[in-house]
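1. Just a sequence and a predicted model for now, questions to come.
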Amino acid sequence: MTRRESLPASVAARLDGDALDVSDLPSYGFSHRSLMWWGNAGMMVIEGVAFGFMIIIYFYLRSLSNAWPDAGRPPDLRFGSLNLAIIVLSAFPNYLVQRACKDLDLRRVRRWLYVCSALGLALAAVRWYEFTALNVRWDAGAYGSVVWVLLGLHTFNLVTDVVDTLVLTAVTYSKPLEGKRFVDIAENCGYWYFVVLTWIPIYAVIYFGARV
Amino acid sequence: MTTRSDRRGAVARPRPRARGLRDGDASPHSAAALKLERTWRDKPGLIGWLSANGHKRIGLRFVFTALCFFGAAGVMGGLMRHQLASADGHLVGPDFYNQLFTMHGTTMMFLFAVPVMQGVALYVVPLMIGARNTAFPRMSACAYWLYLFGGLLLFGGFALNTGPDAGWFAYVPLAGPQYGIGKRADIWNMLVTYSEATGLMVAVDITTTILKLRAPGMSLRLMPLFVWASLVTSLMIIFAMPMVMLAANLVQFDRMLGTHFFNPAEGGDALLWQHLFWFFGHPEVYFIFIPALGFVSAILPTFARRPVVGHDAIVLSLIATGFLSFGLWVHHMFATNLPELGKSFFTAMSFMIAIPTALQIFCWIATIAAGRLVLKSPMWFVLGFFVILLIGGLTGIMLGSVPLDLQVHDSYFVVAHLHYVLIGGAVFPLLGAICYWFPKVTGRMLNERLARWQFWLFFIGVNLTFFPLHILGLMGMPRRIYTYGPETGWGTLSLLSAAGQVINDLSMLLFVINIVRSLWKGERAGADPWQAGTLEWSLPSPPSACNFLVLPVVRSREPLWAPPAEVNNVSGLSAEIREGLTTTVLHAVPDTRYAYPRPEIWPFVAAVSVTAWLVWSVWSVPGFAWGLIPPAVAFIAWYWPNRKEAVEEVSWEIEP
């Protein structure tokens, strides 16, 4: 069976006398056919707005300051760039999990969820070192405050999604496994893309906003 | 060749044909109807009550709680009016007065106006679009508990003399670490976090419900205007509320952790708070106003006895209002040191937003003119809305111009304007909506005579209370003063205003009496007492637990006014589990069957644990980190599969 066959159902509602019989419709669907996709999209907009405004606040405060950073030194590039590399890499197994979900292939889902979980844990560990290499305290001035909160917000997202991934990996062992869990896992992958895509501009702001 | 089911390792399962009792019989005494009623009923007992997730019950809880907060905030407003009724008043002292006006504004905006509109939407939207519940009912249930606990925290603080006292917008530095001593400002920040989290959760639920759970055939073009208003409002909430949550937390970080976002001495900026707050604060006015426009568009066609004129124009106006409302925030900051060129832009935007509202008013006037007007109490409130909102809108245009705003900034003129806009633009339509849907919710009519008395008392009271404030403002009376001397000459008009407040109180008393009396011995309403056109009126009053015994198929904007079609309903959904139908976003073509979540205790547990975390974080920095563990556990437990339900669910699954 190819992936194409798992795309939107060809089954439609049938006319049954004067009623529209829907009993043969699928009981779940992937992507925007699932309610989870819409809920997830709502979450991403909410968090995206928060990230966007945090970046605006960064440049607002920078525009008011004579020296930027106003205390401390720019952050070391090492750990942040390492994280950028890992996070971009993690998009690949993430894609494979999503694809395996749409094929309802439990073995492949599990295999790539393990890889995603491992990369997520690695990211969280490197993130810890990122905080130690910011070279400024949060209470040293406006620059320190905004950098800490910006990195903190993304860390909150990162940790939430890593925990979600671990929980979902465990859930794949529950029996029987309902089909909707594959949708949940695929949506968790969608959310991970959001974590990846937001890190790129946030990385640029944190690490180069105080250099350029 | 292996099939997908083999790879899943799922148990062998019967084909869905064997899947028990299905719906399709619209008779209320059929076996399917009785089974549906049992399937959708809340579980009994305290645990059942705490676990309930039916949209009607959650919506009513929101509305009831919000009306209680409305009453409490109204009493505070009354206390302020009586303190100021004469010169050198000494009913309350300056410190308590500061708490009073802060609590009044905070409660009205965060605990009454937005939640009450969302509560009505939670109740009415699924009924109007032909759904059996909302998309994420457990999330809305959790949101209700968070809202309740947040409100109790605020009032608990107030009772312990720790009510916030820096104004409902909590400007820094007054609310910052340097001047906002004690825990008062912290409680305000926490309340904002609570109420905005609540608002966002409900907004995501309503958006998804509207886009994915409409009855087959109800394309976006056929969607009722109140549903459009709820959709626009929910999307606006999703884009604006994260802002104020973030901003309140930044103040909290300044206060608890020593960051310097708003501290000019360390590179921060006090004006940044005003930008952040009003970027949310101006759309906030429209979260309150747009649902009210939706009420008017629901009520008015019913009593004009014809479909609304300019349906598409009204939809576009709602959307335009939503967009424009994000470009107005600086008109709250005309008295700050911003570039004059920028201010002219915001003046232009402030004038522009009057256009879509005017367009809607013209459509409604045309509807009345082209129809046969029946004057019942809901319609009286709509007419009151026209008058009061118009006055508020006109003073709004005056305040939108910079030179005039600078003259009356921070004076009672602004207080008069905002009360005309919010009472005229939101409270009148809300009272009309309550009169309109009360029979649907309770099965009983409100007493028409009492409702008209209530309307006229409120109409006179509001004008008497707030019109003199325009003149007081022009005479130079500033806002937020707890007393004034006799030489100012403000006494007479202030006394008049206090008298108006007494009339408002009487009107609200009549409202409560009418509700209680009608619940007890009101006239039986029947399914459609107003001969209205939208789907909720096709249901018995009150609707049964599952709303629709058979989901309708929709072909017009007022399905009840259209001739019967060949296909009127859906069949084949399970009566044994809480099953519904998802449809496509634009054209509402049936897409998948959907099992609604069952009632569970976890949303309540999650709300309790989040509350514990937020309260802990006010008093201790480590609490901010450690307190996160219980909510995380609660949310995971909420998600964790239940074996019995999984076996059942797998047995009727059909793969996409």
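-> Arrived safely.

2. any weak-confidence spans in chain A?
-> Counting by pLDDT under 70, chain A has low-confidence residues at A:1-11.

3. quick one: the helices in it?
-> Remark: helices assigned in chain A by DSSP state H are A:35-64, A:77-102, A:106-132, A:142-171, A:179-208.

4. and what of the stretch 251-400 of chain B?
-> B:270-304, B:311-324, B:340-352, B:354-370, B:377-399 (DSSP state H, counting those that start in this stretch).

5. Would you single out the least confident of those helices?
-> Of all the helices of the stretch 251-400 of chain B, mean pLDDT reaches its minimum on helix B:340-352 (a mean of 89).

6. name the helices or strands packed onto that one?
-> Judged by 3 or more C-beta pairs under 8 Å, 6 or more residues apart in numbering or on different chains; DSSP states H and E, helix B:340-352 is in contact with helix B:377-399, helix B:402-408. Placement of C-beta: from N, CA and C, glycine included.

7. The first one packs against which elements?
-> Helices and strands touching helix B:377-399, as assessed by 3+ C-beta pairs under 8 Å, 6+ apart, comprise helix B:270-304, helix B:340-352, helix B:354-370, helix B:402-408, helix B:412-422, helix B:428-442, helix B:448-474.

8. can you give me the angle it makes with helix B:270-304?
-> Counting by axes from the mean of the first three to the mean of the last three C-alpha atoms, to 10 degrees, helix B:377-399 lies at 150 degrees to helix B:270-304.

9. Alpha carbons only: can I get helix B:377-399 in CSV?
-> Extracted as CSV, the C-alpha positions of helix B:377-399 are listed here (Å, rounded to 0.1, in the frame of the first residue of the first chain):
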residue,chain,number,x,y,z
SER,B,377,-38.6,43.0,25.0
PRO,B,378,-35.5,41.6,23.1
MET,B,379,-36.2,44.2,20.4
TRP,B,380,-36.5,47.0,22.9
PHE,B,381,-33.0,46.3,24.1
VAL,B,382,-31.8,46.4,20.5
LEU,B,383,-33.4,49.8,20.0
GLY,B,384,-31.8,51.0,23.2
PHE,B,385,-28.5,49.7,21.8
PHE,B,386,-28.9,51.9,18.7
VAL,B,387,-29.4,55.1,20.8
ILE,B,388,-26.8,54.6,23.5
LEU,B,389,-24.1,53.2,21.2
LEU,B,390,-24.7,56.1,18.8
ILE,B,391,-23.9,58.6,21.5
GLY,B,392,-20.9,56.6,22.6
GLY,B,393,-19.7,56.3,19.1
LEU,B,394,-20.0,60.1,18.5
THR,B,395,-18.0,61.0,21.6
GLY,B,396,-15.5,58.3,20.4
ILE,B,397,-15.0,60.2,17.1
MET,B,398,-14.4,63.4,19.2
LEU,B,399,-11.8,61.5,21.3
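
10. Could you list the buried residues of it?
-> Buried residues in helix B:377-399, counting neighbours by 16 or more other C-beta atoms under 10 Å in any protein chain shown, are found at B:377-385, B:388-389, B:391-393, B:395-396, B:399.

11. Kindly report the same for the shortest one.
-> Along helix B:402-408, these residues count as buried under the neighbour rule (16+ other C-beta under 10 Å): B:402, B:405, B:408.

12. tell me the contacts of the residue in the stretch 501-650 of chain B that chain A sits nearest to?
-> Residue nearest to chain A within the stretch 501-650 of chain B: B:Gly572 (3.2 Å; C-beta to the nearest C-beta). Residues near B:Gly572 by C-beta atoms under 8 Å, 6 or more residues apart in numbering or on different chains: A:16, A:19, A:21-24, B:22-24.

13. what do you get for B:Gly77?
-> B:Gly77 neighbours (C-beta under 8 Å, 6+ apart): B:104, B:501.

14. roughly how far out does the helix or strand harbouring it sit from the chain middle?
-> Here B:Gly77 sits within helix B:55-83, counting by DSSP states H and E. Its chain's C-alpha centre and that of helix B:55-83 lie 13 Å apart, by C-alpha atoms, centre = their mean, to the nearest Å.

15. could you check the angle helix B:428-442 makes with it?
-> 140 degrees.

16. Name the residues of helix B:55-83 that come out as buried.
-> Residues of helix B:55-83 classed as buried: B:55-63, B:65-67, B:69-70, B:72-74, B:76-83 (neighbour count, 16+ other C-beta under 10 Å).

17. okay, the helices and strands packed on helix B:340-352 in JSON lines with distance to A:Ala125 next?
-> Shown next, in JSON lines, are the helices and strands packed on helix B:340-352 (distance: least, C-beta to C-beta, whole Å):
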{"stretch": "helix B:377-399", "distance to A:Ala125": "54"}
{"stretch": "helix B:402-408", "distance to A:Ala125": "54"}
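
18. ok, B:Pro529 - how many residues close by?
-> By other C-beta atoms under 10 Å in any protein chain shown, 18 other residues sit near B:Pro529.

19. give the contact list for the residue lying closest to it once chain neighbours are set aside.
-> Among residues not flanking B:Pro529 along the chain, B:Pro439 sits closest, at 4.9 Å (C-beta to C-beta, 6 or more residues apart in numbering or on different chains). Applying C-beta under 8 Å, 6+ apart, we find B:Pro439 in contact with B:445-446, B:525, B:529-530, B:541.

20. switch to 10 Å and redo it
-> B:445-446, B:518, B:522-530, B:537, B:541-542 (C-beta atoms under 10 Å, 6 or more residues apart in numbering or on different chains).

21. Which of the residues you listed fall in helices?
-> Going by DSSP H, the helices hold B:Ser518 from the contacts of B:Pro439.

22. Out of the contacts of B:Pro439, who's the most crowded?
-> Tallying neighbours with other C-beta under 10 Å puts B:Leu446 at the head of the contacts of B:Pro439, with 25 neighbours.

23. Tell me how far that one lies from B:Ile388.
-> Distance of B:Leu446 to B:Ile388, given as C-beta to C-beta, to the nearest Å: 21 Å.

24. got the residues of the stretch 251-400 of chain B near chain A?
-> Within the stretch 251-400 of chain B, the positions near chain A by C-beta under 10 Å from any C-beta of the partner chain are B:253-254, B:257-269, B:271-272, B:275-276, B:279-280.

25. And for A:Asp139, the neighbour number?
-> Around A:Asp139 there are 16 residues (other C-beta under 10 Å).

26. The nearest residue to it once chain neighbours are set aside: neighbour count?
-> Leaving aside its sequence neighbours, A:Asp139 sits nearest to B:Gly258 (C-beta to C-beta, 6+ apart; 3.7 Å). Other residues near B:Gly258 number 17, with proximity taken as other C-beta under 10 Å.

27. show me what contacts B:Gly258?
-> Contacts of B:Gly258 (C-beta under 10 Å, 6+ apart): A:137-140, A:144-145, B:177, B:266, B:621.

28. Got a PyMOL select line for the buried ones in these?
-> Those of the contacts of B:Gly258 that count as buried under 16+ other C-beta under 10 Å are selected in PyMOL with:
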select buried, (chain A and resi 138+139+140+144+145) or (chain B and resi 177+266)
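
29. Dump the contacts of B:Gly258 into JSON lines; add distance to B:Ala366 as well.
-> Formatted as JSON lines, the contacts of B:Gly258 follow (distance: C-beta to C-beta, whole Å):
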{"residue": "A:Arg137", "distance to B:Ala366": "64"}
{"residue": "A:Trp138", "distance to B:Ala366": "59"}
{"residue": "A:Asp139", "distance to B:Ala366": "61"}
{"residue": "A:Ala140", "distance to B:Ala366": "63"}
{"residue": "A:Gly144", "distance to B:Ala366": "59"}
{"residue": "A:Ser145", "distance to B:Ala366": "55"}
{"residue": "B:Pro177", "distance to B:Ala366": "56"}
{"residue": "B:Glu266", "distance to B:Ala366": "58"}
{"residue": "B:Val621", "distance to B:Ala366": "60"}
